[in-house]
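Enquirer: A structural model of the following input is requested.
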Amino acid sequence: MAGNPIAAELLDHLARAGHGRRGEPLAPESPLLDGTVDSLALIELISFVETRFGIPVPVGDVVPENFGTVADLSRYIAAGRRGSPETGASGPVAAR
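Expert: As a prediction, this is how the structure comes out:
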């Protein structure tokens with residue numbers, strides 16, 4: 001994950017929090033919303049993202065396109081940190 005420091009930090013955080021399946025390490029393309037993180041862990045992950053990366057995560061942004069995998073989440077964070085006009089401040093995909 002040397003090429004993506006955001007994904008590396010997310011993977012480290014998830015591993016320290018004990019998320020994953022039966023000791024299997026998470027990878028950037030590991031699904032998150034398929035039971036890897038439960039609803040309580042998702043709230044904690046959102047809090048971590050908001051605190052660590054300094055971006056708000058509106059509830060409408062918690063969709064599979066943004067939180068489906070660690071790679072999706074790292075792209076969402078990068079877009080939110082840029083505040084790019086094409087994505088808005090809340091990330092690349094907002095629920096409609």
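Enquirer: hey, let's count contacts and neighbours off CA atoms from now on
Expert: Noted.
Enquirer: state which helix of this protein is the longest.
Expert: helix 39-53 (DSSP state H).
Enquirer: now the next helix or strand after that one, how far from the chain's geometric center?
Expert: Counting by DSSP states H and E, the next helix or strand C-terminal to helix 39-53 is helix 64-67. Taking CA atoms, centre = their mean, to the nearest Å, the mean C-alpha location of helix 64-67 is offset from the chain mean by 8 Å.
Enquirer: and what of stretch 8-17?
Expert: Between the centre of stretch 8-17 and the centre of its chain there are 10 Å (CA atoms, centre = their mean).
Enquirer: could you check that stretch and say which residues are buried?
Expert: If you call a residue buried by 16 or more other CA atoms under 10 Å, then stretch 8-17 has these buried ones: A8, L10, L11, L14.
Enquirer: flag the shaky bits of this protein, pLDDT-wise.
Expert: Of all residues in the chain, those with pLDDT under 70 make up the ranges 1-2, 20-23, 84-96.
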